[in-house]
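Participant: What would the 3D arrangement of this be:
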Amino acid sequence: MAKPGENLRDKSRWSLGGMTALVTGSSKGLGEAVVEELAMLGARVHTCARDETLLQECLLEWQVKGFQVTTSVCDVSSRDQRHKLMENVSSLFQGKLNILVNNAGTGI
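Facilitator: Alright, predicted model coming up:
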């Protein structure tokens, strides 16, 4: 158990180094926070959202923080766009996806 004031993120057992993650719907709110948490713990994260402008603003902030995040514009309600997203993620992560957070559509 952690001692008071001890940062759990500093514990190696909380490391997600070497892990890959896909987070949908992440240009604001809960999705944005999930991307940051996963990246802070060392995961390589790919994320998508419908709004390219918001997504690019987030990406710039994540890059400044040194996070390993890539992005793509995707409306997951579109079958064709989901298929393209999965092809992109498969290519980026060499077919290895450890974590999926399906957050899209929560703000509707």
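Participant: Tell me where this structure has strands.
Facilitator: Listed in chain order, the strands of the chain (DSSP state E) span 20-24, 44-49, 69-73, 99-102.
Participant: For N102, which non-adjacent residue is closest in space?
Facilitator: Taking C-beta to C-beta, 6 or more residues apart in numbering as the measure, N102 lies nearest to T24, with 5.4 Å between them; neighbours along the chain are not counted. From N, CA and C alone the C-beta is placed, and that goes for glycine too.
Participant: Tell me the bridge partners for the one you found.
Facilitator: Note on T24: beta-bridge partners by DSSP bridges are C48, N102.
Participant: how much space between it and V64?
Facilitator: Applying C-beta to C-beta, to the nearest Å, one obtains 23 Å for the distance of T24 from V64.
Participant: Looking at those two, which one has more neighbours?
Facilitator: Set side by side, T24 and V64 give different neighbour counts by other C-beta atoms under 10 Å, the larger being at T24 (23 against 8).
Participant: Residue ranges in this structure under the pLDDT threshold?
Facilitator: Screening the chain residue by residue with the criterion pLDDT under 70, one finds the ranges 1-13, 105-108.
Participant: again, only using 90
Facilitator: Per-residue confidence for the chain (pLDDT under 90) gives these ranges: 1-14, 26-28, 104-108.
Participant: List the beta-bridge partners for S72.
Facilitator: As for beta bridges, S72 partners with C48 under DSSP bridges.
Participant: who touches it in this structure?
Facilitator: If you count contacts by C-beta atoms under 8 Å, 6 or more residues apart in numbering, S72 has them with 46, 48, 85, 88.
Participant: Just list the residues touching the residue nearest to N102, thanks.
Facilitator: Counting by C-beta under 8 Å, 6+ apart, T24 touches 31, 47-49, 74, 76, 101-104.
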